Structures are given as structure tokens and as C-alpha cells.
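Asker: return atomic coordinates for the entry below.
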Amino acid sequence: MRHALSPAAAPEGGLLGAAQRGDEYAWRELVEPLRPELHAHCYRMLGSVHDADDALQDTLLRAWRALPGFEGRGSLRAWLYRIATNSSIKLIQRRPQRVMPLDHGAASDPREGPGEPRAELPWLEPYPEPPDASYEQREGVELAFVAALQHLPPRQRAVLILRDVLGFSAGEVGEVLQAAPDAVYSILQRAHRAVNERLPERSQQETLRSLGDERLKRLAERFVAAWEDADVDAIMALLADDATIAMPPRPSWFRGHEAIRTFLAGWPLAQGHSWRLVSTRANGQLAFVTYGTPPDAGEPAHALQVLTLTREGAIQDITAFLDPDERWIQDPPRISVAWHPRHTGPPNGFSR
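Answerer: Okay, the predicted model is just below:
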């Protein structure tokens, strides 16, 4: 049986050597800095925070058990990504493809209301990335990108993420998937063709950066005020002409001003409903945790509204994830820093 050593007892051979000899403290020191990026990788692969939790837990358990056999021919980070990728692929093969309401069916009749939730369907879930995430990290978890990934076979999904998002070489990707570099290149080209058909011309990070912090702040303030005042006209003034609103796990969704106006006036902003919104970030995008008012003690959030913006600063899509889990309710990350990313050059993300 292995016993964790104290930090002072760690051998001089370094953290890796100590961890390979059973030092659980050294193991934690090695993997904790990598945990957020590995979790985000699993989320991109799986489209679900909860599935990403499972995949990451499986990854770290498998890695700990296999650590004595790690020979260090590559980096520990690459080795962990290999395990995480294969753990995610195994989950994909056992679970249905994650979807968004717009993928599930045609637009609904707003006069019929929001419809009943379909919790049994495998809906795409939002992702609470850290507020100080880099440009590339935010771009790699945007809703449109993660939704597009879910339409790819598992190996195509893995190759595109490892190459385009994480910057692994073809040789490194080949080692992860046990494929030749030429095969990796072929898989990547097929993945590009499939994903590009589903992506907008610009990422949300490009759009947010071009709009600037002050304009985004004003947009957020206007959206919060309109929603909390139940002012349908004010909300409509913020929407693009062909805007959509969707509410997973309800499969119904609506497109265009007339349909959205009818829905808002008849249901969420009808007389008797009132809301409180808290600005946050989700999937690298402007978002709002939405609470009913007056709040009861310990009242859960009603929805997490994630906005997709046009380059002109209009709202293209509102995706209201109903009944978000506790990671949004307990302490939603508020917008308190500039939206301009640290990255100042051209985006290093996926191709369009």
C-alpha cells in the first residue's frame, strides 16, 4: 500500500519522481495546474460539464495508477491529454450526441408557449470558464464551436481540438490516437469541412474585441434593465432582425422579432413575472444568471442566459439554459475586468 509523503520528505529527484514512488502530495502539485485545461478539453469533446467532470476524474485516476510506468519520453502534459482524450472518446461512444434546440427541430409557434422540458434529451451544457482565461481558451469553448464539434465522429473531434485549439503537432496527435501523421492530416481536413459549415464567419472573441469594453458594458446594462423592467420593446431594440431565443431543456425555440415579441410578452415578461439578472461569462460569451423575484431564501437560479452578438453589437442569439447547476448559483463569475484578451495578435483558434 502506498503512503503519501510530506512535502519535506519528497526526494531530490523532483516532483515526478516522488509521485512515481507514491507521493500523493507531489502528484497533486503536478496535476493541479493542468486540471482547468484538461477539464476544458473534456468539455469540448463531450459538450457537458458533468460528463467532463466524469472524464477528468477517470483521467486522473488512470494516470495515477499508470504513473510508475510513465517513462518521460514526452511531456507529462501530453501524456495526460492522451489519457483524457481516450477517456472522453469512451464516454462519447456510450452516450448520445449533445444537441441544441435549433438542431433538434424547426422553430416553434410562439402562441403555444415554451412547451414542456425534455430532460431526457442530451442537451449541450454551458461552460463556466475562468474570468482571466486567455483569448484562445475562450474561443475554444464558444457555444457555436462546441455545438459544431458534437456533430463530428469522436476521432475527428479529437484531432481538430488537439491540433487547432491546443496546438499539438501531427506527430503528437498521432501518438494520442495511434495514427500516422498522414492519417491525422486527412482526418483534420474532413473535420474542418464539417465544422466550417456550422460556424459563423467570426468567433465571438473577435466580435467582443472589436466592439470594445465600453460598448459591451452599455449593452449589458441595457439588457439587464430591459429584462428587469419587463420592457419587451427595449429588448426588441437590442435584437438582430433574425435573432433566436432557445431554452434547453425545452426543445422549443423562436426566430425573428415577431415570434420573439409574442413569446416574451406572453410568457417570461408577462404581467406577474419579475426578474433579477447578474452579469457573468459563459463559454467565453456575455451571459446573465437570471433569478425570479422576490427571491426566496436559497432560491435557485431560473436560467443562465448566454448571448451571441453580431459584429454590429446586436444580439443574434439568446440561449437560456434553464435550471443551471450550483456552479452558477453559488458564486457566478461577475464581469469585473476588461473583455480585451491578453492575446493581441490574430486568433490561433480553429479555421473557418
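Asker: and the helices in the stretch 151-300 of the chain?
Answerer: Secondary structure of the stretch 151-300 of the chain (DSSP state H, counting those that start in this stretch): helices at 154-160, 170-177, 181-196, 204-211, 213-228, 232-236, 257-266.
Asker: and the fifth one with helix 257-266, angle?
Answerer: Put simply, helix 213-228 runs at 50 degrees to helix 257-266, going by axes from the mean of the first three to the mean of the last three C-alpha atoms, to 10 degrees.
Asker: ok, A78 - how many residues close by?
Answerer: Using other C-beta atoms under 10 Å, A78 is surrounded by 17 other residues. Where C-beta positions appear, they are placed from N, C-alpha and C, glycine not excepted.
Asker: right, and it touches L166 too?
Answerer: No - at 9.6 Å, A78 does not count as touching L166 under the criterion of C-beta atoms under 8 Å.
Asker: residues contacting the residue nearest to A194 when sequence neighbours are not counted?
Answerer: The spatial neighbour of A194 that comes closest, neighbours along the chain excluded (C-beta to C-beta, 6 or more residues apart in numbering), is L152 at 5.9 Å. Going by C-beta atoms under 8 Å, 6 or more residues apart in numbering, L152 touches L160, A191, A194, V195.
Asker: any idea how far D164 is from the third one?
Answerer: For A194, the distance to D164 equals 13 Å [C-beta to C-beta, to the nearest Å].
Asker: look at those two and report which has more neighbours.
Answerer: A direct count of neighbours by other C-beta under 10 Å for A194 and D164 places D164 higher, at 20 against 17.
Asker: mind listing what the most centrally placed residue in the chain touches?
Answerer: Nearest residue to the geometric centre of the chain (C-alpha atoms, centre = their mean): Y127, 3.6 Å. Counting by C-beta under 8 Å, 6+ apart, Y127 makes contact with A40, Y43, V49, V141, V146, A282, N283.
Asker: does the fifth one really touch R44, like I thought?
Answerer: Yes - contact between V146 and R44 holds when scored by C-beta under 8 Å: they sit 5.9 Å apart.
Asker: show me where the stretch 201-350 of the chain has strands.
Answerer: 239-247, 250-255, 275-282, 285-292, 303-309, 315-322 (DSSP state E, counting those that start in this stretch).
Asker: any chance of the ones you listed in a markdown table, with distance to A107 and mean pLDDT too?
Answerer: Output for these, formatted as a markdown table (distance: least, C-beta to C-beta, whole Å; pLDDT from 0 to 100):
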| stretch | distance to A107 | mean pLDDT |
| --- | --- | --- |
| strand 239-247 | 8 | 98 |
| strand 250-255 | 5 | 97 |
| strand 275-282 | 23 | 93 |
| strand 285-292 | 22 | 94 |
| strand 303-309 | 16 | 97 |
| strand 315-322 | 13 | 98 |
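Asker: any idea which of these gets closest to R28?
Answerer: For R28, the closest of the strands of the stretch 201-350 of the chain is strand 275-282, at 27.6 Å, according to C-beta to C-beta.
Asker: tell me where the stretch 51-200 of the chain is predicted with low confidence.
Answerer: 131 (pLDDT under 70).
Asker: what's in contact with stretch 243-254?
Answerer: For stretch 243-254, contacts defined as C-beta under 8 Å, 6+ apart pick out 100-102, 104-105, 107-108, 110, 112-119, 121, 123-124, 255-257, 260, 262-263, 303, 314-323.
Asker: buried members of the residues you listed into ChimeraX, please.
Answerer: The following ChimeraX command selects only the buried members of the contacts of stretch 243-254, with burial defined by 16 or more other C-beta atoms under 10 Å:
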select :100,101,102,108,110,114,117,123,124,255,260,263,303,315,316,317,318,319,320,321,322
